[in-house]
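[1] Build the 3D model from these lines:
(2 chains)
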Amino acid sequence: MTIHTRTPTGDLSARMRRVADIAAAHADSVDREGRFPQEAVDALRAERLMGIQIPAELGGESASTAEIAELCSILGRACSASAMIFAMHQIKASSLVTHGGEAPWHQAFMARVAGEQLLLGSATTEGGIGGNLRNSICAIAVDGDTCRLEKNATVISYGDQSDAILITSRSHADAAPSDQVMTVFLKDQYTLEKTHTWDALGMRGTCSDGYVFKGEAPAEQILPRPFAEIAAQSMLAHAHILWSAVWYGIAADAFAKAQAFVRAAARKSPEAAPPGAIRVAEASSLLQGVKASIVAALEAYEQAKTDDDKLSSMSFAVAMNNLKIASSQTILTIINHCMLICGILAYKNGTPFSLGRHLRDAHSAQLMISNDRILGNTSTMLLIHKQDTSLLS
Amino acid sequence: MATAETIRDIVAKHGKLPVEVSTLADDGDLYAAGLSSFASVQLMLAIEEEFDIEFPENRLNRKTFQTIAAIAEAVDELTRDQQAA
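    Below you'll find the model as predicted:
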């Protein structure tokens, strides 16, 4: 691996736009071949964007969640698989930054993530838990200074390409399923035996294969806080906000194509607008709604993030869940509008208005942590939580 | 705290814990003992019913329901507040 030590020129967005140009050029082949977007990830490393969330004193750039969300949407417009990988990596980085800050091993590891531009993978799902990542069957075994873990991980996105994997398990052999910890394992500390290959409708470049994970590492690599706190205080917000930012990017690119289609048609025959023209206005309104939801969630997170009680509160969890539901559903409506606007040129592959990849990638949004599961959790909380129905507060 | 025993009974009934509630200390972590988020809501509803109180939004977080002692403290405080009001 090449280690880039020079800080590239331009602000974060300018750096990501250069990555996006490269990602866009390879997006169709990544999708068609279901291959890892190596060119885009190499470019992310060359632009030194992997470690931006790490505190500046550890060699990162202390980038805010809003800045990272913006970068996710820029990359999402170019190649959603690359953007989702970047988002998932940053969600893992948020667990380290939020919960590993006082542990010497994790501090040193964060410095490595920034310095060597390491790619962080995640193993939170497991065969037999029924999709509920707040339950584990496998348990970490601590023996003196060493910990060992074996997990039937049904999905580890970009597992083969990850430099380290953050993996959940029960905290000990007698622990309840919800009593979980998260541990960092470095690439040379585990083996992955592939059990499923990711041959999916969309998001094909995330290479979300299944594996049996077997790892052994120093026990100090277990994150010092319970996973319940990590899930509530950093993962929930980062996952829903950064995923939504990627999805916004997909929808925004589809919208840009639809608008360009209508403008070109209007120039060609100014006397009659094309049949789908009015839908551009409708899609614009929907897109603005998604953007507003993300911005509102970013503000809610900024207000809550210094207050653990607020971060762990039901009102915050309900707000983040609602963002995920709204954005994941709305982008499909937007892209469908864009297909109606661009017509057969959207339906066909290989035209400037092709939207097949956007549509297929966007369908992952409702399923990445199933909306039905999230709605179920929210409805449980709403049995007792009284939603704040004021407009400004 | 006068309410701790009643709360213990409610935890036993609604907490759906994989362990006997009598084995837990008042300051034992209920989440570590296996309290799920769904069961914690059932628990909150049962406590509101039993003590005729309503948990305000700022009390609806993990910390309030982490231990029997923490629930008892919250119930005592809310009962006091609601009597004073």
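[2] all helices for chain B, in order.
    Ranges of helices in chain B, per DSSP state H, are B:4-14, B:37-51, B:68-84.
[3] quick one: which of those is nearest chain A?
    Closest approach to chain A among the helices of chain B (C-beta to the nearest C-beta): helix B:37-51, 5.0 Å. Just so you know, the C-beta spots here come from the backbone N, C-alpha and C atoms, and that holds for glycine as well.
[4] May I see the buried residues of that closest one?
    By neighbour count on 16 or more other C-beta atoms under 10 Å in any protein chain shown, the buried set for helix B:37-51 is B:Ser37, B:Ala39, B:Ser40, B:Val41, B:Gln42, B:Leu43, B:Met44, B:Ala46, B:Ile47, B:Phe51.
[5] again, but for stretch A:360-376
    Residues of stretch A:360-376 classed as buried by neighbour count (16+ other C-beta under 10 Å): A:Arg360, A:Asp361, A:Ala362, A:His363, A:Ser364, A:Ala365, A:Gln366, A:Leu367, A:Met368, A:Ile369, A:Asn371, A:Ile374.
[6] Look up which helix or strand the third one falls in, please.
    What that stands for is A:Ala362. Per DSSP states H and E, A:Ala362 falls inside helix A:356-362.
[7] OK, contacts around the residue of the stretch 51-200 of chain A found nearest chain B?
    Residue of the stretch 51-200 of chain A nearest chain B, by C-beta to the nearest C-beta: A:Ala176 (3.0 Å). Counting by C-beta atoms under 8 Å, 6 or more residues apart in numbering or on different chains, A:Ala176 makes contact with A:Arg170, B:Leu17, B:Pro18, B:Val19, B:Ala32, B:Ala33, B:Gly34.
[8] Quick check on these: which are buried?
    A:Arg170, B:Leu17, B:Ala32, B:Ala33, B:Gly34.
[9] Can you pick out the most distant pair from the residues you listed?
    Within those, two members stand farthest from each other by C-beta to C-beta: A:Arg170 and B:Leu17, at 15.3 Å.
[10] So what touches stretch A:20-40?
    Stretch A:20-40 has contacts (C-beta under 8 Å, 6+ apart) with A:19, A:43, A:74-75, A:77-83, A:85, A:158, A:160-161, A:198-200, A:202, A:204-205, A:207, A:349, A:357, A:360-361.
[11] Of those residues, which ones also sit close to chain B?
    With C-beta under 8 Å from any C-beta of the partner chain as the criterion, these include none near chain B.
[12] And these, which of them are buried?
    A:19, A:43, A:74-75, A:77-83, A:85, A:158, A:198, A:200, A:202, A:204-205, A:207, A:357, A:360-361.
[13] Chain A contacts on chain B?
    Contact residues, chain B versus chain A (C-beta under 8 Å from any C-beta): B:17-19, B:31-38, B:41, B:44-45, B:48, B:55, B:57-58, B:60-63.
[14] which non-adjacent residue is nearest whichever residue of chain B sits closest to chain A?
    When C-beta to the nearest C-beta is the measure, chain B has its nearest residue to chain A at B:Gly34, with 3.0 Å between them. Nearest residue to B:Gly34, sequence neighbours excluded (C-beta to C-beta, 6 or more residues apart in numbering or on different chains): A:Ala176, at 3.0 Å.
[15] that older thread, B:Ile68: which of the contacts of A:Ala176 is nearest?
    Closest approach between these and B:Ile68, by C-beta to C-beta: B:Ala33, at 10.4 Å.
[16] ranges for the helices of the stretch 251-393 of chain A?
    A:277-304, A:308-311, A:314-342, A:344-347, A:356-362, A:371-381 (DSSP state H, counting those that start in this stretch).
[17] Could you tell me the least trusted of those?
    Across the helices of the stretch 251-393 of chain A, helix A:308-311 has the smallest mean pLDDT, namely a mean of 86.
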